[in-house]
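Student: what would the 3D arrangement of this be:
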Amino acid sequence: MTMRYISVQLDVVTADDRASYQTRFSAGLNVIEAPNSWGKSTLVQSLVYGLGLEGSFSTSHLSPLGEAMTSSIELNGHRQAVVESSVTLVIQNENGTFLRTKRWAQSLDHQRHLIQTWEANAEAGLDDAEQVDRYVREAGSAVRELGFHYKLAEFIGWDLPQVPSFNGGESPLYLEVLFPMFYVEQKYGWSGLSPRIPTNFQIQSAYRRAAEFVLGLESLDRTKRIERGRQTVARIKDALRDHETRLELDMAKNGWQLTEKVRPATVDAGLLGQEEVAALFETVSDSGERTSVQMRLQELSKNLAELSETAITNAGPRTAQAQSELRIAEQSVTRLSTRIKQYQELHEATVAERESLSERLTELNSDRDRLIDIAKLERLGSDLALTSLTAAHCPTCAQNLDSAHVATGIVLDLAANTKLVASERGTVESLLAAADVRVAAVRGRIDLEQLSLREIRQSIRALRDELVGPTNSPSVSQVRARLVLENQISTMQAAFENAIQLAEELARLLADAAVAEANLRVLRQEGPDSEDATTVRLFSREFRQSLRAFGFSSLPVDELSISESTLLPEHGGFELTLTFDINHGLSASDTIRAKWAYYAALSRVCSMRAQAHPLGTLIMDEPRQQEAALGSVAALYQELAEIGNDQQVIVASSANRIDLQASLEGLSVNRIISDQDHVLAAPAQVI
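Tutor: So this is what the prediction gives:
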């Protein structure tokens, strides 16, 4: 998917006069012909400013446009202060959809970060299209619905990837990082060969990520896979530390020790063998004697069995009482089982309520973010305010609306909506906190009731044992000893099973960590994808072809190539960077020829590859630098005209008109020629 410029309009208002300039661009090669004092760079910069992309070249939030758009302008023979000025662009995407944007450079009512937009399927329909106000160069402009760059990427048809950032996470590959791949500005753009990619967005290897995306290389996906692999390793190690801590606490609580460190599970089995895990745990007596937990459980079970076989004496006198106690205990089991079931149903209902509240809070947070965006637009000077809300959805009641039943089309004003959403968020947060308390309380009640149930069932077993005996019954101390022993075995068995589960999970995590680290090593050792290597060779070939066409002579052209590792031109293993003219003895004019060749080759390769992501427009401001020979300049325009068969090309030049005419001879070109002293010299004049 691509885009191209259709038209640009500059408007200036002073206290006494108005000035305006408008021009249209064709689909192929466009050349703006004007002297340096005419405001040519202002016009070209307006193509950047109108899309909010000036952050590609500076971190400043001041307007990059000239003083005629920002401070004062010469009109009707005297200088006047600029009261209001704006840039209006019309662009078209590959689907034939038109987008108009309007952004202020100077205004008392509208801030620079506000962009008004209109969208239609035909240019003529823009006048009747709905206005949507968006914001740019503020947090969220690339990822939020009302952010302009979110809209622009969608309009172009780019699904911007997440790429590794210096903070250890991922961030979008911002449009500001990509735009220098398609635009060479006059002030700094011609110094050095590689595109001047901004570094303030904290993207790792920002130039390479941009080049990978534009060329459609698989290595961008590999980079993302490496970063995801690194995050997977970190996540597994965090889980490992958590399980190790829990196992250590269990060992300390039970007075146990590990015979050895837990080893990774085999990849095939996924878990350690039961016997192998069981052998890991041992108890330590006061005398220092070590016994495996499994053996200790066996000893206790043997003791219980022996105690169970003890002769039962004097059962007769207690038979009636034991039967009564047994009935009461069995009734208690029935009541407890019923109560536990009720508590479990209550627990399920409480959890469901909590999940519902959590979902509602998520919706309210989304509505809050949207209202924040709308408030931001209002602060920036938008006159649409709440009409930017989705018409069919009420942020207050979270229900669909039939606009025919709402006279104004607006449910509440912005302040009332914000206050109501904030109030509901506070209520839902309180309800959610209360639900958390109820869930924990019901869960605790279930645990207590289940503990009581276990104890009563143990008593039932003791009473039944007593009643089934012939005439003898154990003494109270014997019964109590057996119950205590049963409880001890039960508690130890539960702790042992939990420890085994933790050890098995720890073994699995160790195996997962080993696999994840091995995969990460393989990813990092992988060479370039074969298709990527083919693309880079194609880039190198096209680069050398352009160098020859432009008359590059400082180095043997056949010795120059595009590096697979850096995606930058190189010679003899050395990058041709900002200082390559010094390191390699290149002439200043050959530095410019190499720059031309880089952008020309990049444009052609993008046209050849279906996986590439060309912008669809290449812009060069004053490409004739360092007094490049006229023959080289003519060759440049010849190549740009050929590129114009597939992409739009916009060139701004202050070259001598006769020389420029000679360079453009025979080419299909839309010449935008100045006939005024300044781009905004004529009051209220549209050219």
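Student: packing partners for the longest strand seen in the chain?
Tutor: Ranked by number of residues, the top strand in the chain under DSSP state E is strand 78-93. Counting contacts by 3 or more CB pairs under 8 Å, 6 or more residues apart in numbering; DSSP states H and E, strand 78-93 is packed against strand 3-14, helix 40-49, helix 67-70, strand 72-75, strand 98-106, helix 148-156. Just so you know, the C-beta spots here come from the backbone N, C-alpha and C atoms, and that holds for glycine as well.
Student: can you tell which of these is closest to residue 524?
Tutor: Proximity to residue 524 (CB to CB) singles out helix 148-156 among the helices and strands packed on strand 78-93, at 29.9 Å.
Student: what comes up buried for stretch 283-302?
Tutor: If you call a residue buried by 16 or more other CB atoms under 10 Å, then stretch 283-302 has these buried ones: 283, 292-294, 296-297, 300.
Student: hmm, back to that, and the helices and strands packed on strand 78-93 as CSV, adding distance to residue 243, mean neighbour count and mean pLDDT?
Tutor: Converted to CSV, the helices and strands packed on strand 78-93 look like this (distance: least, CB to CB, whole Å; neighbours: other CB atoms under 10 Å; pLDDT from 0 to 100):
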stretch, distance to residue 243, mean neighbour count, mean pLDDT
strand 3-14, 52, 20, 93
helix 40-49, 53, 23, 90
helix 67-70, 61, 20, 86
strand 72-75, 69, 18, 83
strand 98-106, 53, 22, 94
helix 148-156, 41, 22, 94
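Student: can I get these in a markdown table including distance to residue 136?
Tutor: Output for these, formatted as a markdown table (distance: least, CB to CB, whole Å):
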| stretch | distance to residue 136 |
| --- | --- |
| strand 3-14 | 16 |
| helix 40-49 | 10 |
| helix 67-70 | 17 |
| strand 72-75 | 25 |
| strand 98-106 | 8 |
| helix 148-156 | 4 |
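Student: quick one: closest of the ones you listed to residue 512.
Tutor: So among the helices and strands packed on strand 78-93, helix 148-156 is nearest, using CB to CB, at 36.0 Å.
Student: export the longest strand of the chain as PDB, just CAs?
Tutor: Extracted C-alpha coordinates of strand 78-93, given in PDB (Å, rounded to 0.1, in the frame of the first residue of the first chain):
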ATOM      1  CA  HIS A  78       4.700  46.600   4.300                       C
ATOM      2  CA  ARG A  79       5.500  43.900   6.900                       C
ATOM      3  CA  GLN A  80       2.600  42.500   8.900                       C
ATOM      4  CA  ALA A  81       2.400  40.200  11.900                       C
ATOM      5  CA  VAL A  82       1.000  36.800  11.200                       C
ATOM      6  CA  VAL A  83      -2.200  36.200  13.200                       C
ATOM      7  CA  GLU A  84      -3.100  32.800  11.800                       C
ATOM      8  CA  SER A  85      -1.600  30.400   9.300                       C
ATOM      9  CA  SER A  86      -2.300  26.800   8.300                       C
ATOM     10  CA  VAL A  87      -1.300  24.000   5.900                       C
ATOM     11  CA  THR A  88      -3.900  22.000   4.100                       C
ATOM     12  CA  LEU A  89      -3.000  18.800   2.300                       C
ATOM     13  CA  VAL A  90      -4.900  16.300   0.200                       C
ATOM     14  CA  ILE A  91      -3.400  12.900  -0.100                       C
ATOM     15  CA  GLN A  92      -4.600   9.700  -1.800                       C
ATOM     16  CA  ASN A  93      -3.900   6.100  -1.000                       C
END
